[in-house]
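Undergrad: next one to model:
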Amino acid sequence: MRITPAEITALTLTIKVALLSLIVMFPPGLFVGWLLAKRTFPGRTLLNTCVMLPLVLPPVVSGYLLLMLLSKHGFIGDFLFETFGIELVFTEFAVVIALSIISFPLLVRGIMTGMSAVPQELENVARTLGASPLKVFFTVTLPLASRGIAGGVILGFSKSLGEFGATIMVAGNIPGKTQTMALAIFNAVQLGDDASVYRLVFISTVVAFVALWLSERALAKT
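TA: Numbers count the residues shown, from 1 in each chain. So this is what the prediction gives:
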């Protein structure tokens, strides 16, 4: 099985934007996951619903909403273009944003699973011994929740690798610029290039299988 340069480019771009999206969404994901797992506050259910909404919304709908926000005629896009001359849509940055929005719920769910499994008693003991809330988080909560966090990271990353609907809406399908593996498969099917479809599907399946297997192993031990 020989991979063409165009397929290598799509694979490289996919891994690159998936990693970038993970970097973008991990800090807020860690905070939101901790907040939902460890705190009770008014609006908690509403926050959880909003965070998980991209899981049930059709990705195309999420992509369209992002397009409305990020285009030059949208609220965010207009501000960025008029103030800094930055245009996000149909760029690599748009791909990263789309992947981050779609993958965020899976990342948060894994983090919530890990942090919910940390006994509250251990955190309370650390506080009674004089540890600050920040120290408790980094020395008790985070290490004990590490497997769940790792599972969420892997799930979020794997979701980013295969995302299609939101990406094509807000970033298009531009070879070498915004064309990820999922978009390359779509393009190959349209062109009737069966050999390319088989190669790309095989690679995507292997990557998804390994990611899910690693995630299940991590979450099973939390």
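Undergrad: just the pLDDT for the residue lying closest to residue 196 once chain neighbours are set aside.
TA: Nearest residue to residue 196 in three dimensions, chain neighbours excluded: residue 188, at 4.1 Å (C-beta to C-beta, 6 or more residues apart in numbering). Heads up, the C-betas are built off the backbone N, CA and C, glycines and all. pLDDT, residue 188: 93.
Undergrad: ditto for residue 220
TA: pLDDT for residue 220: 68.
Undergrad: count the residues that sit near residue 213.
TA: Using other C-beta atoms under 10 Å, residue 213 has 11 neighbouring residues.
Undergrad: how about residue 154?
TA: Here the number of neighbours of residue 154 (other C-beta under 10 Å) works out to 24.
Undergrad: residue 130 in helix, strand or coil?
TA: Under DSSP: H, G, I helix; E, B strand; the rest coil, residue 130 falls in the coil class.
Undergrad: what are the phi and psi angles of it?
TA: Per-residue torsions, residue 130: phi 100, psi 0 (degrees, to the nearest 10).
Undergrad: how many neighbours does it have?
TA: Using other C-beta under 10 Å, residue 130 has 7 neighbouring residues.
Undergrad: ok, now residue 100?
TA: Number of residues near residue 100 (other C-beta under 10 Å) recorded here: 26.
Undergrad: ditto for residue 50
TA: Neighbour number of residue 50 under other C-beta under 10 Å is 12.
Undergrad: how close does residue 20 sit to residue 69?
TA: 19 Å (C-beta to C-beta, to the nearest Å).
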